[in-house]
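K.L.:
need the 3D shape of this:
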Amino acid sequence: MLVLIRGAGDLASGIALRRFRSGYQIVMTEIPDPTTVRRTVAFSGAVLEGTASVEDVTAYQAKDAAEARIITEKGHVAVLVDPDCLCCELLRPQVLVDAILAKKNLGTKKDDAPVVIGVGPGFTAGTDCDAVVETKRGHTLGRVLYTGSAIENTGVPGDIGGHTIERLIRSPREGSFVPLAQIGDRVEKGQVVAMVRETPVYAGLSGTVRGMLPKGIRVSAGMKCGDIDPRD
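P.N.:
Below you'll find the predicted structure:
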């Protein structure tokens, strides 16, 4: 059975990993310049590096739907640069999972596959998909909804160690992103952790860098570029 997953970020990769280990063939789609911040646990890295591994599973970038099929038949995950998911018509998956986490539906339809699943806000079960998976931290995290929608996006990240918004590393302006701290580094509040053009990006709290965009990604003002875990 082929599962087509829109998005190859950390949540999408968690879904892919679980499905792959259950015996499914996995094809994932991504944008040309992935904006995944938790890059060490995401298959989106295959777009930039040609290959990416999460735990014991390896993904390879495919140039088209035909090559994606070959990669899955060899026992790997395939990642395809296809923002509009045009490969869906060629691959004809049994299951389509929209895990872009855009907080809105970017074009997924209920008739795209026999089973269509939306992950997070922006989907309504029974209207544009068969089921919705809740992604908000709390008691209902991971719950499958067969009617209705996931909790709306509040714009405030989940509370970790008593911190929410200050955990995020955000771009102060538009431009090319250059990280000065790497995933796994410990940083102090007020430390310069990145640059966007000549403008410094400061840590909002002390802790361990859990996510960071790679060098050269174009960012916009206010865009999430990384995050810090205060628990170290």
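K.L.:
figure out how far the longest helix anywhere in the chain is from the centre of its chain.
P.N.:
Longest helix in the chain, counting residues (DSSP state H): helix 10-21. Put simply, helix 10-21 sits 11 Å off its chain's centre (Cα atoms, centre = their mean, to the nearest Å).
K.L.:
check which helices and strands it sits against.
P.N.:
Other elements packing on helix 10-21 under the criterion 3 or more Cβ pairs under 8 Å, 6 or more residues apart in numbering; DSSP states H and E are strand 2-6, strand 25-30, strand 57-62, strand 115-119. Every residue, glycine included, has its C-beta placed from N, CA and C.
K.L.:
tally of neighbours for the residue lying closest to P172 once chain neighbours are set aside?
P.N.:
Once flanking residues are discounted, P172 sits nearest to T199: 5.2 Å by Cβ to Cβ, 6 or more residues apart in numbering. For T199, the tally of surrounding residues (other Cβ atoms under 10 Å) stands at 12.
K.L.:
next: V193.
P.N.:
Counted by other Cβ under 10 Å, the residues lying close to V193 total 23.
K.L.:
if I look at it, how far off is G161?
P.N.:
Applying Cβ to Cβ, to the nearest Å, the value for V193 to G161 is 18 Å.
K.L.:
buried residues in stretch 33-51?
P.N.:
34-39, 41-48 (16 or more other Cβ atoms under 10 Å).
K.L.:
I misspoke; the intended subject was stretch 148-166.
P.N.:
In stretch 148-166, counting by 16+ other Cβ under 10 Å, buried: S149, A150, I160, H163.
K.L.:
which residues does it contact?
P.N.:
Here stretch 148-166 makes contact (Cβ atoms under 8 Å, 6 or more residues apart in numbering) with 103, 118, 120-125, 132-138, 140, 167-168, 204-205, 207, 227, 229-231.
K.L.:
okay, the buried residues of stretch 148-166 in JSON lines with pLDDT next?
P.N.:
Listed next are these as JSON lines, based on pLDDT from 0 to 100:
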{"residue": "S149", "pLDDT": "95"}
{"residue": "A150", "pLDDT": "94"}
{"residue": "I160", "pLDDT": "76"}
{"residue": "H163", "pLDDT": "74"}
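K.L.:
could you export the residues you listed as TSV, including secondary structure and distance to A8?
P.N.:
TSV is the format used below for those (DSSP: H, G, I helix; E, B strand; the rest coil; distance: Cβ to Cβ, whole Å):
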residue	secondary structure	distance to A8
S149	strand	24
A150	coil	20
I160	strand	24
H163	strand	28
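K.L.:
out of the residues you listed, who's nearest L91?
P.N.:
Taking Cβ to Cβ as the measure, L91 lies nearest A150 of the buried residues of stretch 148-166, at 26.1 Å.
K.L.:
now the contacts of stretch 148-166: which count as buried?
P.N.:
In the contacts of stretch 148-166, burial by neighbour count holds for 118, 120-125, 132-136, 167-168, 204-205, 207, 227, 229-230, counting by 16+ other Cβ under 10 Å.
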